[in-house]
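J.: kindly return the folded structure for what I paste below:
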Amino acid sequence: MPRDAAIPTFLVTGSNGQVGFELRRSLAPLGKVVALDRLSCDLTRPDDIRRVVREHQPDVIVNPAAYTAVDKAESEPELAYAINGTAVEVLAAEAKALGSLLVHYSTDYVFDGSKAGAYVETDAVNPQSVYGKSKLAGEQAIAAAGAAHLVFRTCWVAGAHGGNFAKTMLKLGRERDSLRVIADQFGAPTTAALIADVTAQVVARHWLSGDRTSFTSGIYHLAAAGETTWHAYASEVLRYAAAKGIELKVDPARIEAIPATAYPLPAPRPANSRLDTSKLRQIFGIHLPDWQQGVHYLLDQIFS
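T.: Reported below is the predicted structural model:
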């Protein structure tokens, strides 16, 4: 599609992932969505990325694709960096050359989790895992490229399409009569639908509106309101499921709370994944609902 066409073109990577799947829905009313999967664009091959971007000449490049196997990344650092770092660098360079907007998604894992309160965008980064370091490399590549951009850092993402913590808890709650879940890590479960809808709202109001004086490139924290622990999250998922008539073996009120040290994993997780979203809400006028509301909506989708 020509760059001056009335209908904008969105190039969406990772379109079969949790966020990518929802972006196909949220962006469709705004323009033409070119949805890319691994077959149509291999993010480990920079020439593939350049070819696809130059073929479609998108007005907006939206990149939810990522290497997200947090523990596996510890033994596959080259692949994690190829997708989360090098591929992002290529997308940013192409966006700069086209004058396009690049929307990218990052993570709370760029922080070490040692802060007492919620993280703001200007807090010092200190990733502890290969995954977190590779995602930070992507952020830095975007800043260096100089393209118009939005980097949304988010946390504890869950969508009706794809695997996630909520689905795992539902499965285990049906199969087991007892569960042990970590209770000393804090964050806000954030649905893929919310992330996609916020993306569409910001892009429509501040990039496609024709008046870009209100548009500010940069990093923004995007997470549902409120906070919880993995243990309380699991309890809420199973409590809501039971209230909806889902047959469970485990009692949602009797899930055992354990420390993270009792469940060691190859990659360290931040103990604090709380993200301060004031900047996003103030600059773009976005309302972020409580995490429970999003989780209930997600579960209703799964149940139906």
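J.: what's the separation between the closest residue to residue 291 other than its chain neighbours and residue 163?
T.: Nearest non-adjacent residue to residue 291, counting by CB to CB, 6 or more residues apart in numbering: residue 224, 3.9 Å away. C-beta here means a position set from N, CA and C on the backbone, and glycine is covered the same way. Distance, residue 224 to residue 163, using CB to CB, to the nearest Å: 19 Å.
J.: check residue 152 too.
T.: 21 Å.
J.: okay, the two: which has more neighbours?
T.: Just comparing residue 152 and residue 163: by other CB atoms under 10 Å the higher neighbour count belongs to residue 152, 21 against 11.
J.: before we move on, back to that, and the residue nearest to residue 291, what does it touch?
T.: 188-191, 194, 288-291, 293-294 (CB atoms under 8 Å, 6 or more residues apart in numbering).
J.: now those as CSV including pLDDT and secondary structure?
T.: Shown next, in CSV, are the contacts of residue 224 (pLDDT from 0 to 100; DSSP: H, G, I helix; E, B strand; the rest coil):
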residue, pLDDT, secondary structure
188, 98, coil
189, 98, coil
190, 98, strand
191, 98, strand
194, 98, helix
288, 98, coil
289, 98, coil
290, 98, strand
291, 98, helix
293, 97, helix
294, 97, helix
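J.: can you tell me which of those residues is nearest residue 218?
T.: Taking CB to CB as the measure, residue 218 sits nearest to residue 288 out of the contacts of residue 224, at 17.7 Å.
J.: quick revisit: next one, pLDDT for the residue nearest to residue 291 please.
T.: Note on residue 224: pLDDT of 98.
J.: which parts of the protein are helices?
T.: In the chain, the helices defined using DSSP state H lie at 18-27, 46-56, 77-81, 87-98, 130-145, 165-175, 192-206, 230-243, 278-284, 291-303.
J.: just put those helices in a markdown table and tack on distance to residue 115.
T.: Below are the helices of the chain laid out as a markdown table (distance: least, CB to CB, whole Å):
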| stretch | distance to residue 115 |
| --- | --- |
| helix 18-27 | 25 |
| helix 46-56 | 35 |
| helix 77-81 | 24 |
| helix 87-98 | 25 |
| helix 130-145 | 15 |
| helix 165-175 | 22 |
| helix 192-206 | 23 |
| helix 230-243 | 18 |
| helix 278-284 | 15 |
| helix 291-303 | 19 |
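J.: and the closest residue to residue 268 other than its chain neighbours, what pLDDT?
T.: The shortest distance from residue 268 to any non-neighbouring residue, by CB to CB, 6+ apart, is to residue 128 (4.5 Å). Note on residue 128: pLDDT of 98.
J.: tell me how many other residues surround the closest residue to residue 205 other than its chain neighbours.
T.: Closest residue in space to residue 205, ignoring its immediate chain neighbours: residue 284 at 7.0 Å, by CB to CB, 6+ apart. Neighbourhood size, residue 284 [other CB under 10 Å]: 17.
J.: residue 284 contacts residue 202, doesn't it?
T.: Yes: counting by CB atoms under 8 Å, residue 202 is a contact partner of residue 284 at 5.0 Å.
J.: picking up where we left off before, residues contacting the residue nearest to residue 268?
T.: Counted by CB under 8 Å, 6+ apart, residue 128 has contacts 109, 112-113, 267-268, 270.
J.: repeat for residue 65
T.: 13-14, 17, 20, 36, 43, 83, 87.
J.: and stretch 148-158, which residues are buried?
T.: 148-158 (16 or more other CB atoms under 10 Å).
J.: pull the CA atoms of that stretch into CSV?
T.: C-alpha atoms of stretch 148-158 as CSV (Å, rounded to 0.1, in the frame of the first residue of the first chain):
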residue,chain,number,x,y,z
ALA,A,148,9.3,7.4,16.4
HIS,A,149,8.5,4.7,18.9
LEU,A,150,6.4,3.5,21.8
VAL,A,151,8.0,0.9,24.1
PHE,A,152,5.4,-0.6,26.4
ARG,A,153,6.9,-2.4,29.4
THR,A,154,4.3,-4.8,30.8
CYS,A,155,4.2,-7.8,33.2
TRP,A,156,2.4,-11.1,34.0
VAL,A,157,0.7,-11.2,30.6
ALA,A,158,-2.2,-13.6,30.0
